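Novice: I would like to see how this sequence folds:
(2 chains)
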Amino acid sequence: MIEQQPLQAGLFSWPAKAPELLGSRCDNCGEHAFPAQSSCRHCTGGETTVVGMGREGRLWTWTIQSFMPKDPYYTDETPETFVPYGVGYVELDCGLRVESRLRENTPDALTIGMEMEMEIIPVRQAENGTEWVTFQFKKKATR
Amino acid sequence: MDVAIVGLGLYPFGRSPALSGLEQGAAAARAAMADAGTDFKAMQFAFGGSQDGGNADSLVNLLGLTGLQFTNIWNGCATGGSSLSAAYSAIASGQYDTGLVVGFDKHPRGAFNPKPQEWGLDDWYGETGLMLTTQFFAMKIQRYMHDYGISNNTLVSTAEKAFRNGSITPTAWRQTALSREDIEHAPMVSEPLSKYMFCSPAEGGCALVICRADIAHKYSSKPIYLKTAVVRSRSYGSFEVFAPSQAPFVADSPTVTASRAAFELAGIGPEDVDVAQLQDTEVGAEIMHMAENGFCAHGDQEQWIAEGRTEITGSLPVNTDGGCLANGEPVGASGLRQVYEICHQLRGTADARQVPNSPKVGYTHVYGAPGISGVNILAV
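Specialist: This is a model prediction of the structure:
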């Protein structure tokens, strides 16, 4: 089995059965940040705590990346195999709006306010066989 | 000390394979000094900036090793605004009498490819495909259209105006007017923005000679007075580019804060402005910046543009030379090109694109990543 590793440690809980986004919460004013940072953008405070921010939210705005980005984009895709992807800000329950790739990649499938959930997707394969993964959001499944 | 602009120089934007970025900057500087009837020996200081064209202070190799103070400025797309603001302070403070502001660039073809680490971000952000300014602009106008009822028609009209104005601007890069159909059927870049709705990185140079207002007539029979030159960075909650997360609320953008400060310092209001240049990296930016700079309420752009109020013959002509859309964006020079155009409008030398009835007050606004705005108010 291929070993999966986060492309960037600390963006989401890992390993985890249902990974959630990780961020920081300011010890002084309570404002969140993603990725987690050691100081606060809001109140200028210098003490924060890493917290889980859940795996669900609502789509705040979106677009579609219709051509393959050039460097520093780095996946296993080629211009021939590139598939357009959605990009959006997803508003989490704590209020923070997190930028993310979106699984949906057509205008018909994306609406501001729609319920979203997080999933883990491959980015590229390393030479030793490790698969680097990251997070993205998709339309929340109706259960 | 009041401040005047007395020399205007432009090396036309576009593609100039034969000239380096620095050479285009030098050509613009020489043109500005010639326009003021002076030369580099008379320049006591210079502020300059470029992203990809080389260090601005290397220009002394081409202009002359006179020993002047030459300071490099780098503030992304707001570089020109920051350079002019620094020069304004140098004169207004009484430190210097006369100086040069210059910007130039020479970008490779295609979209910019910024490096995450230069913006305080880790590599994952770029590697997974989020480090694109085009996405930010698309997402900002997407939400704005949702909140304020701006239609796709208004996006198309704004692009149409840009290329129509470009077609009567001899120094513009894009001098071919486009039909609504051309714009509507162009390939989509980043929903809702298609090919002709974005400006492209380009090449070119622009320079201004600036001096104490009380000696301005030594250089120019029609000095343009720089009433104020304000630069502001973002505050928490401003929706900005290269941001893995945004605050739970939307606060005033740096454009709003820079604009308010500029009007306050100049002692006038948006209703007093006769002609404006607003940063139009893409059509959505021009539309949103109309409201962010205080010229109309959010959402009123739909009616304003339908009525042609931002056309050359309208009540507030915007981007009379076709803006960034028709001129392209050599980052270091772009903010100064805005001032160059406004100065021509106020001098009455804008030829086919001249705003009627002798405009008296002009306004320029530049915006750059990751949330910097520069506003200048000019008057005759």
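Novice: Residue of the stretch 201-350 of chain B nearest chain A, please.
Specialist: B:Pro248 (2.9 Å; C-beta to the nearest C-beta). (Glycine included, C-beta is placed from N, CA and C.)
Novice: what about that residue, neighbour count?
Specialist: Residues lying near B:Pro248 (other C-beta atoms under 10 Å in any protein chain shown) number 16.
Novice: OK, contacts around it?
Specialist: A:His32, A:Glu91, A:Cys94, A:Gly95, A:Leu96, A:Arg97 (C-beta atoms under 8 Å, 6 or more residues apart in numbering or on different chains).
Novice: Same list as before, those that is, but in JSON lines and with neighbour count and pLDDT included.
Specialist: JSON lines is the format used below for the contacts of B:Pro248 (neighbours: other C-beta atoms under 10 Å in any protein chain shown; pLDDT from 0 to 100):
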{"residue": "A:His32", "neighbour count": "24", "pLDDT": "97"}
{"residue": "A:Glu91", "neighbour count": "19", "pLDDT": "98"}
{"residue": "A:Cys94", "neighbour count": "19", "pLDDT": "96"}
{"residue": "A:Gly95", "neighbour count": "13", "pLDDT": "97"}
{"residue": "A:Leu96", "neighbour count": "22", "pLDDT": "97"}
{"residue": "A:Arg97", "neighbour count": "25", "pLDDT": "98"}
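Novice: Closest to chain B out of these?
Specialist: Distances from chain B to the contacts of B:Pro248, taken by C-beta to the nearest C-beta, are shortest for A:Gly95, at 2.9 Å.
Novice: For the chain, just list every one of the strands.
Specialist: Answering for chain A, as no chain was given. A:4-6, A:22-26, A:32-33, A:48-52, A:56-65, A:85-92, A:97-102, A:115-125, A:131-139 (DSSP state E).
Novice: wrong one, chain B
Specialist: B:3-14, B:45-49, B:69-72, B:98-106, B:188-190, B:193-194, B:203-212, B:224-233, B:245-246, B:275-278, B:361-368, B:372-379.
Novice: Kindly present those as a markdown table, with separate columns for mean neighbour count and distance to B:Thr310.
Specialist: Compiled in a markdown table, the strands of chain B are given as follows (neighbours: other C-beta atoms under 10 Å in any protein chain shown; distance: least, C-beta to C-beta, whole Å):
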| stretch | mean neighbour count | distance to B:Thr310 |
| --- | --- | --- |
| strand B:3-14 | 24 | 21 |
| strand B:45-49 | 27 | 28 |
| strand B:69-72 | 16 | 35 |
| strand B:98-106 | 29 | 25 |
| strand B:188-190 | 23 | 23 |
| strand B:193-194 | 24 | 19 |
| strand B:203-212 | 30 | 23 |
| strand B:224-233 | 22 | 22 |
| strand B:245-246 | 22 | 29 |
| strand B:275-278 | 26 | 8 |
| strand B:361-368 | 28 | 13 |
| strand B:372-379 | 26 | 18 |
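Novice: want to throw these into JSON lines with mean pLDDT and distance to B:Leu265?
Specialist: Formatted as JSON lines, the strands of chain B follow (pLDDT from 0 to 100; distance: least, C-beta to C-beta, whole Å):
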{"stretch": "strand B:3-14", "mean pLDDT": "98", "distance to B:Leu265": "12"}
{"stretch": "strand B:45-49", "mean pLDDT": "98", "distance to B:Leu265": "20"}
{"stretch": "strand B:69-72", "mean pLDDT": "98", "distance to B:Leu265": "23"}
{"stretch": "strand B:98-106", "mean pLDDT": "98", "distance to B:Leu265": "19"}
{"stretch": "strand B:188-190", "mean pLDDT": "95", "distance to B:Leu265": "36"}
{"stretch": "strand B:193-194", "mean pLDDT": "96", "distance to B:Leu265": "34"}
{"stretch": "strand B:203-212", "mean pLDDT": "98", "distance to B:Leu265": "17"}
{"stretch": "strand B:224-233", "mean pLDDT": "96", "distance to B:Leu265": "4"}
{"stretch": "strand B:245-246", "mean pLDDT": "96", "distance to B:Leu265": "30"}
{"stretch": "strand B:275-278", "mean pLDDT": "98", "distance to B:Leu265": "17"}
{"stretch": "strand B:361-368", "mean pLDDT": "96", "distance to B:Leu265": "13"}
{"stretch": "strand B:372-379", "mean pLDDT": "96", "distance to B:Leu265": "8"}
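Novice: and those strands as TSV, adding distance to chain A?
Specialist: Putting the strands of chain B into TSV (distance: least, C-beta to the nearest C-beta, whole Å) gives the following:
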stretch	distance to chain A
strand B:3-14	22
strand B:45-49	24
strand B:69-72	25
strand B:98-106	18
strand B:188-190	5
strand B:193-194	8
strand B:203-212	19
strand B:224-233	12
strand B:245-246	4
strand B:275-278	22
strand B:361-368	18
strand B:372-379	16
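Novice: returning to that earlier point: tell me how far the residue of the stretch 201-350 of chain B closest to chain A lies from B:Trp173.
Specialist: From B:Pro248 across to B:Trp173, the span is 41 Å (C-beta to C-beta, to the nearest Å).
Novice: could I get the strands of chain A as JSON lines with distance to chain B?
Specialist: Formatted as JSON lines, the strands of chain A follow (distance: least, C-beta to the nearest C-beta, whole Å):
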{"stretch": "strand A:4-6", "distance to chain B": "9"}
{"stretch": "strand A:22-26", "distance to chain B": "7"}
{"stretch": "strand A:32-33", "distance to chain B": "6"}
{"stretch": "strand A:48-52", "distance to chain B": "13"}
{"stretch": "strand A:56-65", "distance to chain B": "4"}
{"stretch": "strand A:85-92", "distance to chain B": "5"}
{"stretch": "strand A:97-102", "distance to chain B": "4"}
{"stretch": "strand A:115-125", "distance to chain B": "6"}
{"stretch": "strand A:131-139", "distance to chain B": "5"}
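Novice: Nearest to B:Asp105, out of those?
Specialist: B:Asp105 lies closest to strand A:56-65 among these, at 25.5 Å (C-beta to C-beta).
Novice: Output the contacting helices and strands for that closest one.
Specialist: For strand A:56-65, the packing partners by 3 or more C-beta pairs under 8 Å, 6 or more residues apart in numbering or on different chains; DSSP states H and E come out as strand A:85-92, strand A:97-102, strand A:115-125, helix B:133-148, strand B:188-190.
Novice: Put together JSON lines for these, with distance to B:Ala216 on each row.
Specialist: As requested, those are exported to JSON lines (distance: least, C-beta to C-beta, whole Å):
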{"stretch": "strand A:85-92", "distance to B:Ala216": "48"}
{"stretch": "strand A:97-102", "distance to B:Ala216": "48"}
{"stretch": "strand A:115-125", "distance to B:Ala216": "58"}
{"stretch": "helix B:133-148", "distance to B:Ala216": "38"}
{"stretch": "strand B:188-190", "distance to B:Ala216": "44"}
